[in-house]
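J.: Here is my input, please return the structure:
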Amino acid sequence: MIQNKIDIALIQEPWIDKARVKGLNHKDFTLIYKIPLEETGKPRSCILVSKNLNAFLLSDYSDQDITSVILEGNNKSLVLVSAYLPHDDEAPTDTLRKLVISQEKKKNYLLIGTDANARHEVWGSSSTNERGECLLDFINLYNLSICNRGNKPTFSFPSSDIYDGWDTTLDVTLVNNLTFPIINNWKVLDENSFSYHRYITFDANFDFNIKVDCRNPRNTDWVKFKQSVLKHNPDHLASCESKEDLEKEVNSITSIFSQAYKSSCRVIRGHKKPLPSYFDNELIALRKKLRSQFNHCQKHGSWNLYKTLLKTFTRAKTIAKRKAWRDLCQSVETAKDTARLKKILSSEYTPPSLIMNQNGAWTESSEETNSILLDTHFPGNSKEPFPEALDPREFLEEYSPSLKI
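T.: Model (predicted):
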């Protein structure tokens, strides 16, 4: 996905172990699916979303075969659905039907990638069966559009001594009228997917709220920065006979330094990781001294003192960590504290999700979710906006609104 610059993957029939999806975790992506209520349940759909996007699970429109996610845009929201329609159930399922009806009322963008297990010549199958007719009736009833192009098969079953092999199209990409104009370059890839199904890719030109990234000056490659600056020969300045000439030269030098900085300092996500709670003033001072000694050793080449300081810091850190854990365990007295500790230690998968309000209805956006959480945990809080500040986006490269799915 990173190599092909894929932002979102709609996946059906992933690898499962003990009712959990395995093999798809990555530091740059968020894996989203609904956990079955029973350990014997098997999630047969999931969605992999870039962490640069704000994605939330729609729990009321998801089950083990349907994964529904809402992506918040600047003006509208896009609902993404990964759907597996089992051959022994009706097409579409009740959950998928309910989802389409609800999004039709809300006027959201809707995109459905489905392993339909249904054949129809309309989406490129070599033949038509009863399931295909039922699914087409559903598509026409709710004014959905089919993105499939051509008749290149999406499913290939190899021949054997028992069965004859066949190629057909069982995977259908559906969108509503709002979404159809923003879908481009739909195609079936020849790349080996190590599955009976083939990869399908397309572009979605949607104006998303993309998380702001930033650069940490400490990560700058100063050698590369200097080389980039010297390439433009900034020492050779033109004579400035007027205010306009001076401003022109200042802008030129600023542009040279800005380009050199961007090329020599990598982009990172715009948040600072806080120090662990057990880091006291003594540990912070010791770490600062250790870093200072590291920089000194890099220049002079003698590492003995640094190694001694590193052992001291590691030992102090281990002692502080154990003491903090011991204090936490001793402070657990009530059932509430015990439940909180269990949640910290639990390895259970928890997808990013919208929540249910006091009226029993699900929230419809992250803003509504945050408002409920704020009012619940901080009653009487003020929702007045902060004074206007500089937008860090102005100092970052512009993002393209086109996503690869």
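
J.: Tell me where the model's unsure across the stretch 1-150 of the chain.
T.: Confidence mapping of the stretch 1-150 of the chain against pLDDT under 70 gives the ranges 2, 39-40, 74-75.

J.: Would you map the strands across it?
T.: For the stretch 1-150 of the chain, strands defined by DSSP state E, counting those that start in this stretch occupy the ranges 8-12, 16-17, 20-21, 29-32, 45-50, 55-57, 66-72, 77-84, 109-115, 145-146.

J.: again with the stretch 301-405 of the chain
T.: With DSSP E, counting those that start in this stretch as the criterion, the stretch 301-405 of the chain has strands spanning 402-404.

J.: Check whether residue 6 really touches residue 200, as I assumed.
T.: No - here residue 6 lies out of contact with residue 200, judged by C-beta atoms under 8 Å, at a distance of 11.3 Å. To be clear about C-beta, it is placed using only N, CA and C from the backbone, and glycine gets the same treatment.

J.: mind checking which of the strands of the stretch 1-150 of the chain is nearest residue 283?
T.: Comparing those by their distance to residue 283 (C-beta to C-beta), the top pick is strand 29-32, with 32.2 Å.

J.: which residues sit against that closest one?
T.: Strand 29-32 has contacts (C-beta atoms under 8 Å, 6 or more residues apart in numbering) with 1, 21, 24-25, 46-51, 55, 57, 67, 69, 349, 351-352.

J.: quick one: buried residues of it?
T.: With burial defined by 16 or more other C-beta atoms under 10 Å, the residues of strand 29-32 counted as buried are 29-32.

J.: now, which of the residues you listed sits nearest residue 281?
T.: Taking C-beta to C-beta as the measure, residue 281 lies nearest residue 30 of these, at 36.0 Å.

J.: Now do the SS call for residue 247.
T.: Three-state secondary structure (criterion: DSSP: H, G, I helix; E, B strand; the rest coil) places residue 247 in helix.

J.: For burial, what's the neighbour tally of it?
T.: Counted with other C-beta atoms under 10 Å, the neighbours of residue 247 add up to 11.

J.: what do you get for residue 115?
T.: 23.

J.: ok, what's across the strand from the closest residue in space to it that isn't next to it in sequence?
T.: Beyond its immediate neighbours in the sequence, the residue positioned closest to residue 115 (C-beta to C-beta, 6 or more residues apart in numbering) is residue 12, lying 4.1 Å away. Under the criterion DSSP bridges, residue 12 forms beta bridges with residue 45.

J.: Residue 12: what's it in contact with?
T.: Counting by C-beta under 8 Å, 6+ apart, residue 12 has contacts 44-45, 82-84, 113-115, 197.

J.: Let's see that with 7 Å instead.
T.: For residue 12, the contact set (C-beta atoms under 7 Å, 6 or more residues apart in numbering) comprises 44-45, 82, 84, 115.

J.: And the residue sitting furthest away from the middle of the chain, its phi and psi?
T.: Relative to the centre of the chain, and counting by C-alpha atoms, centre = their mean, the farthest-placed residue is residue 241 at 52.8 Å. The main-chain torsion angles of residue 241 are listed as degrees, to the nearest 10 and equal phi -100, psi -10.

J.: quick one: residue 33 and residue 262, what's the gap?
T.: Here the distance between residue 33 and residue 262 works out to 37 Å (C-beta to C-beta, to the nearest Å).

J.: Likewise for residue 223?
T.: In terms of C-beta to C-beta, residue 223 sits 16 Å off from residue 262.

J.: Between the two, which is the more surrounded one?
T.: residue 262 (16 against 9).

J.: Quick one: closest of the strands of the stretch 1-150 of the chain to residue 166.
T.: When these are compared by C-beta to C-beta, strand 109-115 sits nearest residue 166, at 16.1 Å.

J.: Centre of the chain to that closest one, how far?
T.: On the basis of C-alpha atoms, centre = their mean, to the nearest Å, the separation between the geometric centre of strand 109-115 and that of its chain is 18 Å.

J.: returning to what we had before: and residue 6 and residue 200? which has more neighbours close in?
T.: Between residue 6 and residue 200, counting by other C-beta under 10 Å, residue 200 is the more crowded of the two (20 against 16).
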